[in-house]
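S.K.: the sequence isn't on hand, but the structure is:
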Ligand SMILES: Nc1ncnc2c1ncn2[C@@H]1O[C@H](COP(=O)(O)OP(=O)(O)OP(=O)(O)O)[C@@H](O)[C@H]1O
Ligand SMILES: Nc1ncnc2c1ncn2[C@@H]1O[C@H](COP(=O)(O)OP(=O)(O)OP(=O)(O)O)[C@@H](O)[C@H]1O
Ligand SMILES: [Mg+2]
Ligand SMILES: [Mg+2]
């Protein structure tokens, strides 16, 4: 028995401990500490911390939808353009009717439709979700541009703006409530209901799931509709917060959303998903953006430092996880 | 024995035939025919057809690199920004030295370096390639912006411009030669060498590959370096053709490149890759863009129709393939 | 083949089953009845087509030709859930378990227990029942909450058997169920299979173990290179005759 | 345990091997020598730790404690390629084949044949040799160019055995190599194993089939719940005694 | 042929046609321009600023070499005045991102925010927090739609967009022969700056050289891929005498398409200084003229307006910067307008 082999034993024992599943929180904590120390005065300001969470709201909500999609081993690239189309549809409907619920229904309806189209091509025509959603990404973006001929549409409906943007309830901003609601629903569906178990099983081994009597096709369809609906909700939140809608909304969100899900511990290859992780991932991204602006770096430097921080944060978090 | 079951038999027999692997070419042919009929006069013009292939050159070359990355079950999101950094580095080096080979070496060296950094984090720190390359994507883009402070850099070195852009050899444009060379090398590596067999084995079942004595780590490292090098080469080609380099080069290529690989038949989940398919995929994209512009559609209409055509072309091509 | 009469219909009847994969014929022509309370063994060399037949009955493959009847009714399964809904339970040779899920989830996959008014997953209940089921088979597992991929080969096979036998209601298909099991565990599983028979199930078992076939089966059907060689009562045949039919050394 | 002398060193020696997975101890303490031209059987219940031990020797797992020596030299394997380079060939229980590749590729994976001055893959040569190797085992496969995932369970196991035995040069580890094989195929594989022994290999075989153990092995080592119960010459023990040691009914 | 015929019609309903015929630069509410060069600070004002410890945040809609030139002007001037720049952000044309960035920058308690809004409709909400916190706002090009001068915002500075379009139009009239065919490559997006400039270009062509025919208007959304548009354009209109592009990046793609087709006759006119375009022009290539604004002074004027806003002094409602037409003969003037050295690549090109 050499020292080398017994220290290898210690390492092996450490690796065996399941806290490796939770260390994504370490990366988060490290980044938080870093900014808290270097930018104390501004970063730790309660208003600033609230901003971080509120700004992350649409990303968090979409990341939750994406956790389900990735968990089944698919991907949804169309969420970004669905955001814009949902926001614009809601704004146009509001302009026409001035009924907040018709606006909301229009936005969410568009989301459900996009998800359904994605689902049809993925499950019935059996195409890879990457290609289907890449195609609908362009398609939906084109429709969004056509809809109002590239014009931004103001949203002035009071209840709508309160409900999806500037409102607050019990002293807590409405966007925070939306985040909490999405987390609760997402967590409940993934952890507490059969649906979640089926989602993970389909992503882990679709044929084993199939012979276990799981309706694989339906599960795949559902997650795609769900994902588009979260994008549509994000669109409403943007419209509410900006009191207007525009065809470029959400355009740059796709990668951030997927990254938030994956940083949180969801696997790009299916079978593993965590809703709480998506929150942490999305807050991490939001926090980094916030901290770098506060640090007064120029834009190129922000990009460079952001890359480095993500690498380091994730290295601390995910290192040592087995990844065969 | 009912008629239903014997016609099912015929279907089953048809499905068994391996030509399903080749039908991506059907989608390609259909799109070609469509434009050849609706836009005869302009589309079939030899100069136009040559343009389609030439414009596709950088995408084709990057798609070949991406085929290898995807085949091992990884993804490389940093190729887009590597294009810009390579082109700018080459341009700056050319400006300083006026030696074509120093410019080329600078560009390719940058590519190798980016790939190496990606590889280190993926293989040694064992992070998901999605996160690593997302981080380096931002990092590299930031460096590209810093390098010349957002200024475009002209490239006036004759041999460089000839070799990577406007030259032609035996009456064939140099970009076509580059495409052919990349295809030949890619095909040879993937089909004819041990390396290719190992790439596919790692993507198909990494632990089985490992116990078969394949250096999984080295294979993963190599494909990431290879992918960055193809991006760097694409950067040189952009620089040569545009006779200038700019930080925005390649910015929007990522999705097109991945789509080209996947349309061609490469799996996003590893274990399956085809170099010829990447060519077809990339030509398909280039052809669609070209045809839609010839059709005189505005940008929004182009986006909508492009989405529809991709869906249809791919439906014809991939439908019926088993996709468990 | 018997003509259907007023007596209770045969639980499982296969008529003229044929299966091709592309150019390869995996099964030429296969007919078989499995009665209630009967164990039929399906034997044959490697690659004879046994698993293919099991997968056809369980809806995983569609036969190229031929017909399946359950309890006298012709059925067409589009997928495995169809068959499962009709009471066909299966232990597949490659087990068909979900590797990254806990053992109890695998045991209850597609039929998860829920509790409370809104139907929340009852993880505790599933884990408890799983442990009990596994214990009856003498298969020791570290914990019902362990991840399936951490189990040994025999432990996994034990789980697959528990799952199929627990839910068995009419027809049970077992594809080499004891191949990975130890001596004691095998004995327990054979006991369990006999109990299924006593409960009136129709059991079709694939096995390479002739001793096992002779211990538990009522009839044996032999496949050789996709061709059905014979179906015999075990009381009418001998160990040597079955082996001869399998290997084709005596016809 | 013998002291190393001038005589040729033992091909495989395990000393005080211990393995934990997180909190679970899979192997308590294990010592064994396997000599050249010797077949040692490793037996035990499901979950006893047999496959874990095989994986430790083949470099797939690192032992928590203990030492492996090959030919008298202590070795530390960082991964399976290390062990393979030292001449350890393995048939894993879960086979470790690459499903979406052709059979011949699996046979030659990591040691592909090449031809010509620049070393192009010799697919034809590999396919031909594969067919020959498989034929010697009596395992029938549709074609050496078939995709592995289209093969039957027994056919796949046959491929894994062919692969390991073909390249065997010193130590061969076989984890339940005949579990999925038919009667005739099993006999052929046993023949093959005896031939390996005659060629002077050190063979360690895991099996649940006591008849097989008594047919081919020289010694047997028994694991029960991770503890090494005994290592005996087969000539010094009986079928019943081994079973008793496995189940723990007699100590 | 059925497919080709309609595509030969020049569309009349694009984003650049919405303005109709334009004749002068004025604010969206009819504000009359003051020259940016009129902005000045008194000695006392400068002293007050130097001792005030004031802070400024800069929020760009998108970064480019143009915004860089402006930024340089802002930085130099604010530095001179002792105002600290606490943050710089790039919204990448995304209104929601800009909302986040403005909100975050407000945590740094700036006294003034300078920059360009992604668009005037969404900007109402984007800057609302700043208005609420009494932070002064100085915009490039356009103020938020619902804001009023002196109340929510303190100043708008802009290029003389009409003048730029007009200069480009005149340069095109000079560069192509009578009766020549020209094409317009415009940014197919709702972006006031380019849309208005392009409209002014069209109006100028119609007024100054009506016999020059506009045979195609092609929109692009990805400026990096202009070559993909230019190639089919040249296929359909092989006799093009000139191409106008909204700014220099897409001009690069057109230039490449022309070079690779061996075409040295089609002339390019575009907007914004760019080393590679300037080098081609200097070397007698296809590029006939570039119109560049006086971006550096524009930036300094923005800084001055911001300084006035900090001090609660009135800053001009709508100040306009000049531009210069650049041809091969006066390349140096262009670089002077951006306060940059003429790069060696351009100098070398002009010597050949
Ligand atoms: N999906 C498939 N595609 C092509 N051929 C297949 C497929 N599945 C099975 N086969 C072939 O059909 C034949 C029968 O396979 P099957 O799995 O039914 O054998 P088996 O009798 O179960 O053998 P074993 O005892 O080894 O499990 C084999 O030759 C196999 O290669
Ligand atoms: N990676 C792992 N993580 C955690 N536990 C493991 C792991 N691998 C094996 N085990 C546990 O270690 C014990 C021994 O497993 P092993 O596979 O060695 O058994 P075995 O003797 O080969 O059994 P079988 O005869 O069923 O193949 C089992 O209880 C198993 O659950
Ligand atoms: Mg079988
Ligand atoms: Mg085992």
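M.R.: Okay, I see it. All figures in this text were calculated on a predicted structure; none of them were measured in a lab. Ligands and ions are numbered 1, 2, ... in the order given.

S.K.: from memory residue C:131 sits against residue C:146, does it?
M.R.: No. With contact defined as CB atoms under 8 Å, residue C:131 does not count as touching residue C:146 (10.8 Å). Just so you know, the C-beta spots here come from the backbone N, C-alpha and C atoms, and that holds for glycine as well.

S.K.: for the stretch 101-250 of chain C, what are the low-confidence residue spans?
M.R.: C:250 (pLDDT under 70).

S.K.: show me what contacts the residue in it that chain D sits nearest to?
M.R.: Residue nearest to chain D within the stretch 101-250 of chain C: residue C:154 (2.9 Å; CB to the nearest CB). Taking CB atoms under 8 Å, 6 or more residues apart in numbering or on different chains, we find residue C:154 in contact with C:139, C:180, C:181, C:182, C:185, D:45, D:46, D:47, D:208.

S.K.: could you export the residues you listed as TSV, including distance to residue E:107 and secondary structure?
M.R.: Formatted as TSV, the contacts of residue C:154 follow (distance: CB to CB, whole Å; DSSP: H, G, I helix; E, B strand; the rest coil):
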residue	distance to residue E:107	secondary structure
C:139	60	coil
C:180	62	coil
C:181	65	coil
C:182	66	coil
C:185	65	helix
D:45	64	coil
D:46	61	coil
D:47	58	coil
D:208	68	coil
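
S.K.: could I get those as a markdown table with neighbour count?
M.R.: Listed next are the contacts of residue C:154 as a markdown table, based on neighbours: other CB atoms under 10 Å in any protein chain shown:
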| residue | neighbour count |
| --- | --- |
| C:139 | 27 |
| C:180 | 23 |
| C:181 | 26 |
| C:182 | 24 |
| C:185 | 25 |
| D:45 | 25 |
| D:46 | 26 |
| D:47 | 24 |
| D:208 | 25 |
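
S.K.: closest one of the residues you listed to residue E:128?
M.R.: The closest of the contacts of residue C:154 to residue E:128 turns out to be residue D:47 (CB to CB; 65.2 Å).

S.K.: what residues are up against the residue lying closest to that closest one once chain neighbours are set aside?
M.R.: Excluding the flanking residues, the one nearest residue D:47 by CB to CB, 6 or more residues apart in numbering or on different chains is residue C:152, at 4.7 Å. Counting by CB under 8 Å, 6+ apart, residue C:152 touches D:46, D:47, D:50, D:51, D:52.

S.K.: mind running it again at 6 Å?
M.R.: Neighbouring residues of residue C:152 by CB atoms under 6 Å, 6 or more residues apart in numbering or on different chains: D:46, D:47, D:51.

S.K.: what comes up buried for the helix or strand harbouring the last one?
M.R.: Yep, that's residue D:51 we're talking about. Assigned by DSSP states H and E, residue D:51 belongs to helix D:50-57. Of the residues in helix D:50-57, D:50, D:51, D:52, D:53, D:54, D:55, D:56, D:57 count as buried by neighbour count, 16 or more other CB atoms under 10 Å in any protein chain shown.

S.K.: what's the answer for stretch C:154-167, then?
M.R.: C:154-165, C:167.

S.K.: which helix or strand contains the closest residue to residue E:126 other than its chain neighbours?
M.R.: If the residues on either side of it in the chain are set aside, residue E:126 comes closest to residue E:99, at 4.5 Å by CB to CB, 6+ apart. Under the criterion of DSSP H and E, residue E:99 resides in helix E:95-106.

S.K.: which strands or helices does that helix pack on?
M.R.: Helix E:95-106 sits against strand E:55-60, helix E:123-126, with contacts defined as 3 or more CB pairs under 6 Å, 6 or more residues apart in numbering or on different chains; DSSP states H and E.

S.K.: which of those sits closest to residue B:255?
M.R.: Of all those, it is strand E:55-60 that lies closest to residue B:255, at 25.2 Å by CB to CB.

S.K.: what about the closest one and chain B, any contact?
M.R.: No. Judged by CB under 6 Å from any CB of the partner chain, strand E:55-60 makes no contact with chain B; its nearest approach is 11.3 Å.

S.K.: and whichever helix or strand comes after that strand, how far out from the chain middle?
M.R.: With elements assigned by DSSP H and E, the helix or strand that comes after strand E:55-60 is helix E:65-81. Centroid separation for helix E:65-81 versus its chain: 16 Å, with CA atoms, centre = their mean, to the nearest Å.

S.K.: what does helix E:65-81 contact?
M.R.: Against helix E:65-81 from outside (CB under 6 Å, 6+ apart): B:150-151, E:49, E:56, E:60, E:272, E:295-296, E:298-300, E:302-303, E:307, E:338.

S.K.: picking up where we left off before, helices and strands around the next helix or strand after the helix holding residue E:99, which ones?
M.R.: Per DSSP H and E, the first helix or strand lying C-terminal to helix E:95-106 is strand E:112-115. If contacts are counted by 3+ CB pairs under 6 Å, 6+ apart, strand E:112-115 sits against strand E:55-60, strand E:136-140, helix E:295-310.

S.K.: now the second one: mean pLDDT?
M.R.: Mean per-residue pLDDT for strand E:136-140: 95.

S.K.: now swap in stretch C:37-54 and tell me
M.R.: Stretch C:37-54 comes out with an average pLDDT of 93.

S.K.: is it anywhere near ligand 3?
M.R.: Yes. Using CB under 5 Å from the ion, stretch C:37-54 reaches ligand 3 at residue C:51.

S.K.: report the central residue of chain A.
M.R.: Centrality entry for chain A: nearest residue to the mean C-alpha point is residue A:63, 1.4 Å, by CA atoms, centre = their mean.

S.K.: ok, back up a step: by how many degrees do the helix holding residue E:99 and strand E:55-60 diverge?
M.R.: Taking axes from the mean of the first three to the mean of the last three CA atoms, to 10 degrees, one finds helix E:95-106 and strand E:55-60 inclined to each other by 170 degrees.

S.K.: run through who's touching helix E:95-106.
M.R.: For helix E:95-106, contacts defined as CB under 6 Å, 6+ apart pick out A:51, A:55, A:238, A:242, A:246, A:249, A:290, A:293, E:57, E:59, E:87, E:89, E:91, E:118, E:122, E:126, E:129.

S.K.: rerun at 7 Å
M.R.: If you take CB atoms under 7 Å, 6 or more residues apart in numbering or on different chains as the criterion, helix E:95-106 is touched by A:51, A:55, A:238, A:241-242, A:246, A:248-249, A:252, A:290, A:293-294, E:57, E:59, E:61, E:87, E:89, E:91, E:113, E:118-119, E:122, E:125-127, E:129-130, E:133, E:135.

S.K.: write the PyMOL selection for whichever of those are buried.
M.R.: Remark: buried members of the contacts of helix E:95-106, expressed as a PyMOL selection using 16+ other CB under 10 Å:
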select buried, (chain A and resi 51+55+238+241+242+246+248+249+290+293+294) or (chain E and resi 57+59+61+87+89+91+113+118+119+122+125+126+127+129+130+135)
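
S.K.: what bits of the stretch 151-300 of chain A have low per-residue confidence?
M.R.: Judged against pLDDT under 70, the stretch 151-300 of chain A has no low-scoring part.

S.K.: one step back: return only those of the contacts of residue C:152 found close to ligand 2.
M.R.: When contact is defined as CB under 6 Å from any ligand atom, the contacts of residue C:152 meet ligand 2 at D:46, D:47, D:51.

S.K.: what parts of chain C come near chain B?
M.R.: Taking CB under 7 Å from any CB of the partner chain as the measure of proximity, chain C contacts chain B at C:16, C:20, C:21, C:22, C:23, C:62, C:64, C:65, C:66.

S.K.: show the pLDDT at the residue in the stretch 1-150 of chain E positioned nearest to chain D.
M.R.: Among the residues of the stretch 1-150 of chain E, residue E:92 lies closest to chain D, at 40.4 Å counting by CB to the nearest CB. According to the predicted model, the pLDDT of residue E:92 comes to 87.

S.K.: and it, what does it touch?
M.R.: A:252, E:62.
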